[in-house]
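Asker: Build the 3D model from these lines:
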Amino acid sequence: MRVGITYDLADDYLTESFKEEQLAEFDSIETVIAIEETLRCLGFETEKIGNVKHLVGMLSAGKTWDMVFNIAEGMYGTGREALVPALLDAYQIPYTFSDSLVLALTLHKGMAKHVMNDCAIPTPAFTVAENVLELETVSLPFPLFIKPVAEGTGKGISAASIVNEKGELIAVGSSVLARYSQPVLIEKYLPGREFTVGIIGTGVRAEALPAMEIIFRKNSDSGTYSYHNKKNYRVTVEYRLVDSKTSEECRRIAMKTWQCLGCRDAGRVDLRLDEHGVPNVMEVNPLAGLHPRDSDLPMLCSLAGMNFQYLIERIMESALVRIGERLSAGKNHEISHTA
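Answerer: So this is what the prediction gives:
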């Protein structure tokens, strides 16, 4: 089986005057090489494709693949993660991870929270402000937490994200609006412990991995999983698997969220405890980072006794099973479940 790999490489954008934080979600060549080498070890033929523009060029030239391993984040707009899956759907090329609908929905945290509310999933009370006038009309009780509505990797999050009165809300919210050129999410601040739950699989076959607690050290950025803390996690954060009733509740809620939103193959659900100790979903990561050592999902898997090759194997297994079922139901050809 021939597998193409789509990705956004940070180095590809360094010559275009982007700031370091703008490229925070993009992958290093180390991640791409690790995925490619692992796929080859599993018996797949591989071809590196690159970002959406490279994909467009290859598709126009008549290139095709049996499957695409997609980790492309995209650069512009709230639909940026959905671009590669949408193109692959147009050409009827199967791919790993969630489809364009799910990736667009979950990137816009406000829209995702509307769906979570409909599914009775606990998530902090929130509102979305698109301008300063809307910031001035926010009526949620303090303290509140402010972040860009469609960013990842802790971008736009710092100690200043926790606000305690209207003046702070307007000042911090205005700064985020100006800096990120997108609406801001304002939600009830959750004071409790923070967890992330890795999930492998799709639908009823999905499996929730043990919950990993994110413990902030004294020199961290004031107890927020900020861009600074994620970048400097070796000195600011401790990661620990948790085996308790709280962990089981996190896993239950994470699984319900994963299935409610229609996520596929692998990813993460991030949660935090409210003042009553109830886990609330903060956001869903259906396109989680896959750096073998520095990304949360591979770190969580490692703590749970799963090496990187096993993680990639499980992702491919999930994709092949669901694609095989879909193709056999409505196509004249079928993709084998083995390489």
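Asker: Quick one, grab the pLDDT at Pro191.
Answerer: Note for Pro191: predicted pLDDT of 94.
Asker: do Glu21 as well
Answerer: Predicted confidence (pLDDT) for Glu21: 64.
Asker: now the one 5 residues further on
Answerer: Per-residue confidence (pLDDT) for Phe26: 81.
Asker: Return the residues in contact with Met67.
Answerer: Neighbouring residues of Met67 by C-beta atoms under 8 Å, 6 or more residues apart in numbering: 1-4, 93-96, 319-320, 323, 335. To be clear about C-beta, it is placed using only N, CA and C from the backbone, and glycine gets the same treatment.
Asker: let's see 10 Å
Answerer: 1-4, 39, 44, 88, 93-96, 316, 319-320, 323, 335 (C-beta atoms under 10 Å, 6 or more residues apart in numbering).
Asker: same check, this time on Arg80
Answerer: By C-beta under 10 Å, 6+ apart, Arg80 lies in contact with 8, 25, 52, 72-74, 103-104, 107, 150.
Asker: Likewise for Ser28?
Answerer: Per C-beta under 10 Å, 6+ apart, neighbours of Ser28: 7, 9-11, 34, 291, 294.
Asker: Point to the residue nearest the middle of this protein.
Answerer: With distances taken as C-alpha atoms, centre = their mean, Asn285 lies nearest the centre of the chain, 2.4 Å away.
Asker: right, and the helix or strand after the one helix or strand Thr106 maps to?
Answerer: Applying DSSP states H and E as the criterion places Thr106 in helix 100-107. Next in sequence after helix 100-107, counting helices and strands by DSSP H and E, comes helix 109-118.
Asker: Using CSV, list the CA coordinates for whatever helix or strand comes next after that next one.
Answerer: Downstream of helix 109-118, the next assigned helix or strand under DSSP H and E is strand 126-129. C-alpha atoms of strand 126-129 as CSV (Å, rounded to 0.1, in the frame of the first residue of the first chain):
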residue,chain,number,x,y,z
PHE,A,126,-18.8,30.7,27.6
THR,A,127,-19.4,33.4,25.1
VAL,A,128,-17.5,34.5,21.9
ALA,A,129,-16.7,38.2,21.3
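Asker: Who does strand 126-129 pair with, and is each partner parallel or antiparallel?
Answerer: strand 184-188 (antiparallel) (DSSP bridges).
Asker: by contact count, what packs against the helix or strand that the strand it pairs with is followed by?
Answerer: With elements assigned by DSSP H and E, the helix or strand that comes after strand 184-188 is strand 194-200. Contact here means 3 or more C-beta pairs under 10 Å, 6 or more residues apart in numbering; DSSP states H and E; on that basis strand 194-200 packs against strand 207-216, strand 237-241, helix 245-261, strand 266-273, strand 279-285, helix 296-303, helix 308-330.
Asker: Gly156 is in contact with Val149, correct?
Answerer: Yes: using C-beta atoms under 10 Å, Val149 makes contact with Gly156 at a distance of 9.4 Å.
Asker: Which of the residues in the worst-scoring helix or strand of the chain on mean pLDDT are classified as buried?
Answerer: Of all helical and strand segments in the chain, the minimum by mean pLDDT, DSSP states H and E falls on helix 227-231, at a mean of 76. Neighbour counts over helix 227-231 (16 or more other C-beta atoms under 10 Å) mark 227-230 as buried.
Asker: How is the chain divided into domains?
Answerer: When the chain is parsed with automatic domain parsing, its domains come out as 2-96, 125-188.
Asker: Kindly reformat those as TSV containing distance to Ile199.
Answerer: Converted to TSV, these look like this (distance: least, C-beta to C-beta, whole Å):
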stretch	distance to Ile199
domain 2-96	14
domain 125-188	17
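Asker: Lys256 is nearest to which of those?
Answerer: domain 125-188 (18.7 Å; C-beta to C-beta).
Asker: Could I get the average pLDDT for the closest one?
Answerer: 94.
Asker: Centre of the chain to it, how far?
Answerer: 20 Å (C-alpha atoms, centre = their mean, to the nearest Å).
Asker: and what of stretch 277-288?
Answerer: With C-alpha atoms, centre = their mean as the basis, stretch 277-288 stands 10 Å off its chain's centre.
Asker: Going forward, the N-terminal residue is numbered 52.
Answerer: Yes, from this point I'll number from 52; that puts the last item at stretch 328-339.
Asker: What residues sit buried inside that stretch?
Answerer: Quick answer for stretch 328-339 (16+ other C-beta under 10 Å): 330-339.
Asker: Quote the end-to-end distance of that stretch.
Answerer: Start-to-end span of stretch 328-339 (C-alpha to C-alpha, to the nearest Å) is 26 Å.
Asker: now Glu76: how far from Glu132?
Answerer: When distance is defined by C-beta to C-beta, to the nearest Å, Glu76 is 9 Å away from Glu132.
Asker: Common neighbours of those two, please.
Answerer: Joint contacts of Glu76 and Glu132 (C-beta under 10 Å, 6+ apart) are 59, 124-125, 203, 338.
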